[in-house]
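Undergrad: Generate coordinates for the sequence data below:
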Amino acid sequence: MAAMQPFVQIVDDPSLTPHVFRAFKYVQADDPCWHSIVKGCLTAWRITADVFYDKLPTTGFQKCGLDKILNQYGQARLPSTPPEDANVTRCPCITDLTEVIAVEAIPNCLRPVKFPWLRVLHKERVPLQHHGIDMLGYILDTGGYILCVVEVMASVESAHPPSTVSQHKDQLLNDTLNQPGAMRLLEDLQTVHDEAANDADKGILNGFVVALVTGKLVADRSVIALPVLVRRNSEFSTSDWNPFLANTAAFEQAKIPSTVHFLALEVHDAFAGLIDLVKKTAAPASGAPTKTV
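TA: Here you go, the predicted model:
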């Protein structure tokens, strides 16, 4: 039997082309994708120095690329597990986790987006939310590059759609792509350009900056608005994406026209439980603290 892919599609409506509305379930397992997520979380929490790790004895974890585990000093730097309440998705460690999952999911579920510099991995301070657009990336496409503007949201609301979807629709449309002067997008493009380490990425990002300031970032399908909604297992409904589905024409006609690629992810029975799994993977021998606050 073939191994199950980590992202299993549960909804896709091809009738909405050129817009994309898809939903997937993430099947967490001890595989390279999960360990990449764990590594991303530890990077976001700045637990990367060698002093925080011990070598892992020969175990099955090595085949997944995990050759070190957190020692007691590293474990002490892990964030506390928040209570699974109505505010759980506002906890910084949960927003970090959902953004790291989105980084893995987008190329698996949509298209191979290149992210030159990720805010979640380069925060000013670990316990704080970062400012600005969650992610800016690009896709190499026939005839040039497509700019991807990504906003990640998570919800435990029973409402369909949850309020965060409408809020992020306004953020992507009114505050970014249809904003007079497009200052939010321009400032974030400048930031990502300046921080990118690769000269090739800088050149591509500079092209987007030039196109934006000269009013030429208006070509058909040159920009993708990419909202990612993260929900717990069995809590997604297709009505969750209605605020974006009802406004595809508004995105097409914005000052910076865009195509919507909405990605919904079901990830686990509890966000707090998923944080605990990150901790246990990072310290499998002794376990990691799972205290709540």
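
Undergrad: Please give the centre-to-centre distance between stretch 234-245 and its chain.
TA: Put simply, stretch 234-245 sits 18 Å off its chain's centre (Cα atoms, centre = their mean, to the nearest Å).

Undergrad: What of stretch 45-59?
TA: For stretch 45-59, the distance to the chain centre is 24 Å (Cα atoms, centre = their mean).

Undergrad: now stretch 86-96
TA: So, by Cα atoms, centre = their mean, the centroid of stretch 86-96 is 13 Å from its chain's centroid.

Undergrad: Buried residues of that stretch, list them for me.
TA: By neighbour count on 16 or more other Cβ atoms under 10 Å, the buried set for stretch 86-96 is 88, 89, 91, 92, 93, 94, 95, 96. Every C-beta, even on glycine, is put in place using the N, C-alpha and C of the backbone.

Undergrad: Let's see which of the residues you listed end up in helices.
TA: 92, 93, 94, 95, 96 (DSSP state H).

Undergrad: Make a markdown table from the buried residues of stretch 86-96 and add pLDDT to it.
TA: Putting the buried residues of stretch 86-96 into a markdown table (pLDDT from 0 to 100) gives the following:
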| residue | pLDDT |
| --- | --- |
| 88 | 97 |
| 89 | 96 |
| 91 | 95 |
| 92 | 94 |
| 93 | 95 |
| 94 | 97 |
| 95 | 96 |
| 96 | 96 |
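
Undergrad: now, which of the ones in helices among the buried residues of stretch 86-96 sits nearest residue 166?
TA: Closest to residue 166 out of these is residue 95 (18.3 Å), distances taken as Cβ to Cβ.

Undergrad: Confirm for me that the closest one is in contact with residue 134.
TA: No. Taking contacts as Cβ atoms under 8 Å, residue 95 lies outside contact range of residue 134: 9.0 Å.

Undergrad: what is in contact with these two at once?
TA: Overlap between the contact sets of residue 95 and residue 134, as judged by Cβ atoms under 8 Å, 6 or more residues apart in numbering, is given by residue 152.

Undergrad: where do the strands sit along the stretch 51-200 of the chain?
TA: Secondary structure of the stretch 51-200 of the chain by DSSP state E, counting those that start in this stretch: the strands cover 53-55, 68-70, 135-141, 144-154.

Undergrad: Quick one: residues contacting residue 151.
TA: 133, 134, 168, 171, 172, 226, 227, 228 are the contacts of residue 151 under Cβ under 8 Å, 6+ apart.

Undergrad: For the second one, grab the count of nearby residues.
TA: Same thing as residue 134. 24 (other Cβ atoms under 10 Å).

Undergrad: ok, it to residue 172 distance?
TA: Distance, residue 134 to residue 172, using Cβ to Cβ, to the nearest Å: 10 Å.

Undergrad: Residue 205 contacts residue 198, doesn't it?
TA: No. In this structure residue 205 lies outside contact range of residue 198 using Cβ under 8 Å: 9.8 Å.

Undergrad: what are the ranges of the helices in the stretch 51-200 of the chain?
TA: 72-76, 92-109, 163-172, 183-195, 199-213 (DSSP state H, counting those that start in this stretch).

Undergrad: low pLDDT regions in the stretch 1-150 of the chain?
TA: Of all residues in the stretch 1-150 of the chain, those with pLDDT under 70 make up the ranges 1-4, 56-67, 128, 130.

Undergrad: between the ones in helices among the buried residues of stretch 86-96, which is nearest residue 81?
TA: Closest to residue 81, out of all of these and judged by Cβ to Cβ, is residue 93, at 8.1 Å.
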